[in-house]
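Structure, please.
(one chain, ligands or ions: 2)
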Amino acid sequence: MTTGSTKRGSGDERSREERLVADERSREERLVADERSREERLVADERSREEHSGEDVRVRVQQSAGTLGIFDAHHPPADERISDCVHCGFCLPTCPTYALWGEEMDSPRGRIYLMKLGKEGKVPLDDTYVRHFDACLGCMACVTACPSGVRYDELIEAVRPQLERNHRRSITDRLFREMIFRLFPYPTRVRAAAALGVLYQRAGGPDLLERSGLRKRLPARLQAVEGLMPPVKLRGLARRLPGFIPAEGTARRRRVALLEGCVQRVFFSDVNEATARVLAREGCDVIVPRAQRCCGALSEHAGREPEALERARRTIDVFEQTDVDAIVVNVAGCGSTMKEYGRLLRDDPKYAERAEAFSARVRDISEVLAELQPAAPRRPIEARVAYHDACHLGHSQGVRLQPRAVLRTIPGLELIDIPEAEICCGSAGIYNMVMPEAGAELGRRKVANVMSVAPDAVCTGNPGCLLQIRRYLSGPVPMFHPIQLVDASIRGVDPIEARQRRAAASNDARTPEPGRF
Ligand code: SF4
Ligand code: SF4
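Ligands and ions are numbered 1, 2, ... in the order given. This next block holds a predicted model:
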């Protein structure tokens, strides 16, 4: 039994703890502010020295031979890549974090400069330094925008593993990241977590959390995870594709293998089913290897290099046995990493060549369909559909025309572009969970742009974007992966009309779960 004095004692103890935490937080904030202004002065001085020297404006790394500054010797950012940047600033308007905060250090140009300073050993590898790189979404809009061909993608992919190896994150950050990486790359665990999510949703958990005011008290990162969870149905969790789906019709046009994805196969099994159906209708034999696991994309984007490489090797082992013309991916983030296996495994004598060959066969589903002339007849879907370019498809893979071309094979469908299309929606792998405030701002900004074109539906080729945009949509606008619209058109159903009818009947103002109709 709890006595009054014990209660008072624990109350005092709690308020003392709260004061300590508040003091600690304000001390940290002061340190961060000091550190930021010190760094900005350093960078401004350095840049003005270069600008007034009248010499070459490229970002030259000036280091004594043999030193790597704050980086270790395992693939630090390359000097020649850093010096490709000429400070022109053309990348700034497309950078989401520069758009949010207007800080030079949170722009591509500023981050490249920080890499230079890091290589010269002029800045410490501390929380402030790491924060500027953590804030980067890895959206690669700057790669698309840069007229000098700066490979920011290679630079950031070199820096992130360096930070993970050489900087110790705070305990809470490490724990949160561990939770993510012990859950999401394992479909069985995601399925178990999703089943708990079903119980939570059926028991009215989200409403309870809101009404009790508990949601606001949760740490921002947990609020973000909770908010992103789509409505789940138990029967959807148990569904899996068969190992082989034969081509329909007499002449087989391709033999392909399909990546199921980790989150994709649990929350978006409908998208995988639609992909397999369309491929079969278009004359492809589809192999779905049972032994496939996570492709390593999440780990790679977060700089967890050993984990990413191990997953890449395993994926190569599994898919090599399928003897197919192409490895088809319907998740932009996975596809962009799988196309990079050759570079990731360049140091591995056993895998380097195989990884190159593997990457050369990876295709987004829209690339495969754009290559094949449509064989299956399409029926009309009369709707205005806004297409959102997932960054890992548009900026990273350069796949922009194919999804549009494939959607235009649907009669009656009017495709509309979204303003600020080049700016990320804030999903970016695990970004919206580890950087919840920035993720939310970008999510709201994307949704405002989506709604400005008043679409009947929205579609995008990445599950992360589907969840993120849905999270901030306030009306019942249906969302799809493009392949679902192609599938529906071939099957002769109009999913947008069906969705709108159902939403109107249930009087549900919330956007239904993406992918289902
Ligand atoms: S556009 Fe390219 S060259 Fe210009 S500042 Fe940005 S990264 Fe550097
Ligand atoms: S990858 Fe995206 S967020 Fe990062 S610097 Fe480039 S444009 Fe900015």
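
switch to C-alpha atoms for all contacts and neighbour counts from now on
Will do.

so where is this protein shaky, pLDDT-wise?
Flagging of the chain using pLDDT under 70 yields the residue ranges 1-57, 59, 63-66, 250, 498-517.

Surely residue 429 is in contact with residue 300?
No. Residue 429 is beyond contact range of residue 300, at 10.1 Å (criterion: Cα atoms under 8 Å).

Now do the buried residues in stretch 413-422.
413, 414, 415, 416, 417, 418, 421, 422 (16 or more other Cα atoms under 10 Å).

how long is stretch 237-255 from one end to the other?
Chord length of stretch 237-255, first to last residue, is 27 Å (Cα to Cα, to the nearest Å).

List the contacts of it.
191, 194-195, 265-267, 269, 272-273, 276, 279-290, 324-326 (Cα atoms under 8 Å, 6 or more residues apart in numbering).

switch to 7 Å and redo it
Stretch 237-255 is contacted by residues 191, 266, 269, 273, 280-281, 283-290, 324-325 when judged by Cα atoms under 7 Å, 6 or more residues apart in numbering.

Distance from the chain centre to stretch 297-312, please.
Centroid separation for stretch 297-312 versus its chain: 14 Å, with Cα atoms, centre = their mean, to the nearest Å.

let me fix that: stretch 68-79
26 Å.

got the CA coordinates for that stretch in PDB?
What follows is stretch 68-79, C-alpha atoms only, in PDB (Å, rounded to 0.1, in the frame of the first residue of the first chain):
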ATOM      1  CA  LEU A  68      42.100  12.500 -42.700                       C
ATOM      2  CA  GLY A  69      40.900  15.000 -40.100                       C
ATOM      3  CA  ILE A  70      37.900  13.600 -38.200                       C
ATOM      4  CA  PHE A  71      37.400  10.700 -40.600                       C
ATOM      5  CA  ASP A  72      39.000   7.300 -40.600                       C
ATOM      6  CA  ALA A  73      40.600   5.600 -43.600                       C
ATOM      7  CA  HIS A  74      37.700   3.500 -44.700                       C
ATOM      8  CA  HIS A  75      36.100   5.400 -47.600                       C
ATOM      9  CA  PRO A  76      36.100   9.000 -46.300                       C
ATOM     10  CA  PRO A  77      34.400  11.500 -48.500                       C
ATOM     11  CA  ALA A  78      36.700  11.900 -51.600                       C
ATOM     12  CA  ASP A  79      38.600  15.200 -52.000                       C
END
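
hmm, that stretch touching ligand 1?
No. Stretch 68-79 lies out of reach of ligand 1 by Cα under 6 Å from any ligand atom, never closer than 13.6 Å.

which stretches of the stretch 251-400 of the chain form helices?
Here the stretch 251-400 of the chain has its helices, by DSSP state H, counting those that start in this stretch, at 262-267, 269-281, 297-301, 305-320, 332-338, 341-344, 352-361, 365-371, 391-394.

Looking at the ones you listed, spot the one closest to ligand 1.
Closest of those to ligand 1 is helix 391-394, at 17.1 Å (criterion: Cα to the nearest ligand atom).

So which elements touch the closest one?
Under the contact definition 3 or more Cα pairs under 7 Å, 6 or more residues apart in numbering; DSSP states H and E, helix 391-394 sits against helix 332-338.

List, one by one, the residues from this structure near ligand 1.
Counting by Cα under 6 Å from any ligand atom, the residues of the chain near ligand 1 are 85-91, 108-109, 146-148, 150.

Tell me the most packed of the residues you listed, by neighbour count.
Using other Cα atoms under 10 Å as the neighbour test, the residues of the chain next to ligand 1 are led by residue 108, with 31 neighbours.

Show only the entries of the residues of the chain next to ligand 1 found in helices.
108, 109 (DSSP state H).

Just name the closest of the residues of the chain next to ligand 1 to residue 212, please.
residue 108 (42.1 Å; Cα to Cα).

so who does that closest one touch?
For residue 108, the contacting residues are 91, 92, 142, by Cα under 7 Å, 6+ apart.

So it versus residue 356, what's the distance?
Residue 108 sits 28 Å away from residue 356, going by Cα to Cα.

ok, now residue 145?
Distance, residue 145 to residue 356, by Cα to Cα: 27 Å.

ditto for residue 458
For residue 458, the distance to residue 356 - Cα to Cα - is 35 Å.

out of these two, which sits in the more crowded spot?
Each of residue 458 and residue 356 has its neighbours counted (other Cα under 10 Å); residue 458 has more, 27 against 19.

which SS state does the more buried one fall under?
strand (DSSP: H, G, I helix; E, B strand; the rest coil).

What residues are recorded as beta-bridge partners of it?
residue 386, residue 479 (DSSP bridges).

List the contacts of it.
385, 386, 387, 478, 479, 480.

one more time with 8 Å, if that's ok
Residue 458 makes contact with 385, 386, 387, 388, 450, 477, 478, 479, 480, according to Cα under 8 Å, 6+ apart.

so which pair among the contacts of stretch 237-255 is furthest apart in space?
191 and 283 (31.7 Å).

From residue 406, how far off is residue 218?
Residue 218 is 43 Å from residue 406, by Cα to Cα.

Looking at those two, which one has more neighbours?
residue 406 (22 against 13).

my guess is that one contacts residue 368, does it?
No. At 9.7 Å, residue 406 and residue 368 do not qualify as touching, with contact defined as Cα under 8 Å.

picking that back up, pull out the buried members of the contacts of residue 458.
385, 386, 387, 388, 450, 477, 478, 479, 480.

which of these lies closest to residue 341?
For the buried ones among the contacts of residue 458, the nearest to residue 341 is residue 388 (26.0 Å; Cα to Cα).

wait, doesn't that closest one sit right on residue 463?
No. Using Cα under 8 Å, residue 388 makes no contact with residue 463, being 11.9 Å away.

Give the helix, strand or coil label for the closest residue to ligand 2 within the stretch 401-517 of the chain.
Residue of the stretch 401-517 of the chain nearest ligand 2, by Cα to the nearest ligand atom: residue 424 (7.5 Å). The assignment at residue 424 comes out as coil when based on three-state DSSP.

separation between it and ligand 1?
For residue 424, the distance to ligand 1 equals 17 Å [Cα to the nearest ligand atom, to the nearest Å].

My read is that that residue contacts residue 96, right?
Yes. Counting by Cα under 8 Å, residue 424 does reach residue 96; the two are 6.4 Å apart.

for stretch 421-436, how far is the first residue from the last?
End residues of stretch 421-436 are separated by 21 Å (Cα to Cα).

now the strands for the stretch 101-250 of the chain?
For the stretch 101-250 of the chain, the strands defined by DSSP state E, counting those that start in this stretch occupy 244-245.
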